[in-house]
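A.B. asks: one predicted model, sequence on top.
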Amino acid sequence: MKRRGLIVGIALIMLLAGWWGFQRWQMYSASVWKLLPENAFFLIQSQRLQDSTYKVQKGGIEMREVPLLNLASRQADLFRLLSDDKARVDKVLKGQTMTYVLQKASGGRFTYLVFLPLEAFQSYAWLEAPTSKNVRVTSHIHSGQKIYDVTNSHSEPLFAYTFFNNFLVSCVSGDVLEDWVRFAQSPLRTTNTSRFESIKQEGSELSIYLDNLVLSEAIRREASASPDAGLLYFLSFLPSTEGLHLDKFFSTKNSTLTSKGKKIKLEGYVEALNDQKASPLKNTFFIPNTTAIMYRLGFDNSDNFVKKLRPQLEQLSTDSVNQSRKQLLSLLGNARLDTFYKSFNKELMLCQLEPNNSLTKGQIILQQVQPKNGLESFFRRLSVLFNKNTGLPFEPFQGGYVYTINWHELPAVLFGGLFKGFPKCYVAFHKNFVVYANDSQVLKDYLIDLEYQRTWANSALYNTFLEKTLGASNFTFIINPRKSKDYMGTGFMNYLFNNLNYDITEKLPFDQLVFQSAYKNGKAYSSLTLGRLNKASSAKTLNKVFLQQEKPFEPAPVGGIYLVRNYPSSLDKIIVVTPSRELLNPFVEENKRKITQLDAPIVGDIYSVDFLSIGRLQYVFATQKSLYVIDEDDRQRYLVLPPIHLPAGRTIRSFQRLESGIEGSFRFLVIDTEGFLYLWNSPNQSPVVLNRSRPFVDLLLPINEVEYLGKRHFLFTQATGEIGLISESGVIPSPYKLELKTNFMGPFFGIFTPENATTNLIGVSKYGELFEVTLGGKIMRKVQLFRSDPTSFFRARAATNNRDWILFRESETQFAILDKKGKELFSAQGLIPYRNDVQYHFLGSEVKFLSVKSGNFTTLYDLNGNQIGDKPIPSDIPIRINLVEGYNKLLIHSYANKKLQTWSLKIR
């Protein structure tokens, strides 16, 4: 009996010892994958992210500055606060594969759980009782687990950490760490197998893991009422879980992470693209430089792509789009739609454009097609059928036609929900592409960009970048973060980065984010590239003002300096006017080359456009007496066309370029001193007066264009408080004019939103009443803005190129800049009375600033009031500025010390 009891005792001891041994083995052998929270949707693993000198390639991107990686590296750096012995901390961190798991903290903020592996059976007593001059460490018990709390000298919490198995687990949020402790101690946790472990890559310097199912649910749940449809569809091009690992071969060109290939659910666009031969992006000639975000589908067999896509369209679209598709099918029939789909040819692209003053989200779609094959007649039929009683169904433009198709979300009906955002559709043909736009002005601006060759194919920077970065793919997603800033206004990305407290557009170390994927045998082979178009400016040149060239010139030019675009070089060149009214090109080889003799001072600007439609640019401008067109050939020989005069010898007050003509690429708006408006459509015809019956007195300039009842109208503002619309035929529609019964110093501007196809008019009265008015004449909003002193007044002012506008509060010695909603951005005081001039410059959504001339110097400021450039620019007259596209460099043209000067300034 005693022997049996001894055997049972020994067995129990061995069982307990085995259980203890198993627990100890599990503690020191458990991988990080078993410790990951169940809701993990974004993970980073890296051996180098904790290294403050980590770069992928020499002179390349600093990976620790990339969003999300930046947040992870900052949390890793917190460990260095635990000891004054730098070598001791470095020994713990060096070479360790640390894991960062993105988690949502209280208050909606995001943070990381950080897993630092510790060597088994090593002593880390100094981490249990750190001695540091920088922090104070206390502890508390939570669910039986000891948690260490780190605070600074002001008792402000920095982060918390605990030891679990062979890991140190930390987080800047104590609540998140405690939630994880409860999960880690649950009985079922030990049987947990991470869905990411199967796609891990041992030894990778940097890996990123995504759970796209959880992420897409987070986007739908947390996004605002109008989530970014493109982003949601982007996730549908990824497997349910994806692992991207730093590729050392590709990263010698641009920092690139690639996947090993992962099974993907064959549905939607992926089903149509699967086993299609991947192809490189070749048609860069059609992609405009204003592109902020681009989605591209590439396929080799168009028939198979269409055959697989059409049955998937219903699941790719919302109910309203599906209903719209059914109605279109019943109206047109299968035969006509079959003809349309047979035209597909290898590429379909969506370009979301950087906003300008009238458009929040301009979009174009580029559909490569087979030889026209009767396709233009298809769209002509749609434009007539769906545009009854709402305006012209089509209009001539640049030798072709722009078709207006008033059908709800036509591109989404034809191509699926990725191509949403077209409440009304405008279509044109260019070579072997059909071009769709969500606004007629967007389409016309795009066609003009093609004419001026302002596209990726004609940019050496873009071409070099694309050749080094883009391989063959079926799906490509490219985003320019700075140009796409306004696309972050709603949706999950804005939510995420706001809660990361990170300015996505200003601090990024890369210019382009490129995702590509090819689909073969039901697997997705993907890559993610962080690329620069050019190298970051060195400390020696960034934000430094340098004199590039100067030329003696006396006396001072009259009316300022004029910049005109040089067609062959796509750069701007200088033209000036002497006091004797000679128009000169001062920088040609022949000293002060005379262009022509003028009959009066110049009014407005000098525009370089192909007004004659002969394949090169002419100078088009107005003096107080005449309208001029001057042609310059390749040998810089000038031909001056006979000047055109207004009727009855009226004096010209203003001259504006328009880009929405029905007779050609360009037309101009002329305003005389009496208040009459004229359209100048052709160099061979006199301008046509619009308001024949009576003038508009006290007009505030510039005049802006808006679309009303399907037609273009000019929006005019009178200083006495009337605002109105007048059509191209001279008709003032009801309910205009509106009487606001207050005085104005600046004009109203139209804000068009393609999402709901409406335009509102915004203006501010002299004494600070901010008005928002619908095109139906209803006052939507009226707010009194803060008036700093009795002498100040308000006005809306356009940028120098009339592409954007902003609100000003001004007096003799100070001014303030306000955004379009009236919120003050910054103010400046102490200007020299009667010797200052403030200009607003809009050179792109990411390049907008002020030039403030006070006395004989001009200083540049961003819209937050920060000075741009390390010194003011000498300037006896207002400066002119142009942006050298792609090089992040401003050229500033001034006149000072009896010299014409050109200064350069690197802004990024």
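C.D. replies: Yep, that arrived.
A.B. asks: give me the number of residues near residue 393?
C.D. replies: Residue 393 has 21 neighbours, counted by other Cβ atoms under 10 Å. Just so you know, the C-beta spots here come from the backbone N, C-alpha and C atoms, and that holds for glycine as well.
A.B. asks: do the same with residue 128
C.D. replies: By the criterion of other Cβ under 10 Å, residue 128 has 12 neighbours.
A.B. asks: do the same with residue 425
C.D. replies: Around residue 425 there are 26 residues (other Cβ under 10 Å).
A.B. asks: enumerate every residue touching it.
C.D. replies: Shown in contact with residue 425 (Cβ atoms under 8 Å, 6 or more residues apart in numbering): 404, 405, 406, 407, 410, 411, 436, 437, 438.
A.B. asks: which of those are buried?
C.D. replies: The neighbour-count test (16 or more other Cβ atoms under 10 Å) marks 404, 405, 406, 407, 410, 411, 436, 437, 438 as buried among those.
A.B. asks: so the last one touches residue 424, yeah?
C.D. replies: In this case it means residue 438. Yes: here residue 438 reaches residue 424: they are 7.2 Å apart, a contact under Cβ atoms under 8 Å.
A.B. asks: which of the buried ones among the contacts of residue 425 fall in strands?
C.D. replies: If you go by DSSP state E, the buried ones among the contacts of residue 425 have 404, 405, 436, 437 in strands.
A.B. asks: poorly predicted segments of the stretch 601-750 of the chain, please.
C.D. replies: Along the stretch 601-750 of the chain, the parts satisfying pLDDT under 70 run over 659-665, 710.
A.B. asks: all strands for it, in order.
C.D. replies: 602-609, 618-623, 627-632, 638-640, 652-658, 667-672, 677-680, 688-689, 699-708, 711-718, 722-727, 738-739, 749-753 (DSSP state E, counting those that start in this stretch).
A.B. asks: for these, which one sits closest to residue 464?
C.D. replies: Closest approach to residue 464 among these is made by strand 602-609 (27.3 Å; Cβ to Cβ).
A.B. asks: now do that closest one: everything it contacts.
C.D. replies: Outside strand 602-609, the residues that touch it by Cβ under 8 Å, 6+ apart are 559, 562, 564-567, 575, 577, 617-624, 652-657, 665-666, 668.
A.B. asks: any of these buried? List them.
C.D. replies: 559, 562, 564, 567, 575, 577, 617-624, 652-657, 665-666, 668.
A.B. asks: show me the contacts for residue 772.
C.D. replies: 760, 761, 762, 779, 780, 781, 782.
A.B. asks: just among those, which is most surrounded?
C.D. replies: Result: residue 761 is most packed of the contacts of residue 772 (other Cβ under 10 Å), 24 neighbours.
A.B. asks: how about it, secondary structure?
C.D. replies: Taken by DSSP: H, G, I helix; E, B strand; the rest coil, the conformation at residue 761 corresponds to strand.
A.B. asks: who does it bridge with?
C.D. replies: Beta bridges link residue 761 to residue 750, residue 773 when assigned by DSSP bridges.
A.B. asks: re earlier: let me have the contacts of residue 772 in JSON lines, extended by distance to residue 648 and pLDDT.
C.D. replies: Shown next, in JSON lines, are the contacts of residue 772 (distance: Cβ to Cβ, whole Å; pLDDT from 0 to 100):
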{"residue": "760", "distance to residue 648": "38", "pLDDT": "88"}
{"residue": "761", "distance to residue 648": "32", "pLDDT": "92"}
{"residue": "762", "distance to residue 648": "36", "pLDDT": "93"}
{"residue": "779", "distance to residue 648": "38", "pLDDT": "90"}
{"residue": "780", "distance to residue 648": "41", "pLDDT": "89"}
{"residue": "781", "distance to residue 648": "42", "pLDDT": "91"}
{"residue": "782", "distance to residue 648": "41", "pLDDT": "93"}
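A.B. asks: out of those, which one sits closest to residue 554?
C.D. replies: Closest approach to residue 554 among those (Cβ to Cβ): residue 762, at 44.6 Å.
A.B. asks: mind listing what's buried along the helix or strand residue 91 falls within?
C.D. replies: Assessed by DSSP states H and E, residue 91 sits inside helix 86-93. Counting neighbours by 16+ other Cβ under 10 Å, one finds that the buried residues in helix 86-93 are 89, 92, 93.
A.B. asks: let's have the residues you listed in JSON lines, adding pLDDT.
C.D. replies: Compiled in JSON lines, the buried residues of helix 86-93 are given as follows (pLDDT from 0 to 100):
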{"residue": "89", "pLDDT": "89"}
{"residue": "92", "pLDDT": "89"}
{"residue": "93", "pLDDT": "90"}
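A.B. asks: how about TSV for the residues you listed, with distance to residue 200 added?
C.D. replies: Listed next are the buried residues of helix 86-93 as TSV, based on distance: Cβ to Cβ, whole Å:
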residue	distance to residue 200
89	27
92	23
93	21
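A.B. asks: check contacts around residue 299.
C.D. replies: Contacts of residue 299 by Cβ under 8 Å, 6+ apart are 272, 273, 276, 277, 279, 305, 346, 347, 474.
A.B. asks: buried subset of those residues?
C.D. replies: Here, 16+ other Cβ under 10 Å leaves 272, 273, 276, 279, 305, 346, 347, 474 buried among the contacts of residue 299.
A.B. asks: identify the farthest-apart pair in these.
C.D. replies: Maximum pairwise distance among the buried ones among the contacts of residue 299 (Cβ to Cβ): 14.6 Å, between 272 and 279.
A.B. asks: my guess is residue 132 contacts residue 83. True?
C.D. replies: Yes: with contact defined as Cβ under 8 Å, residue 132 reaches residue 83; the gap is 5.7 Å.
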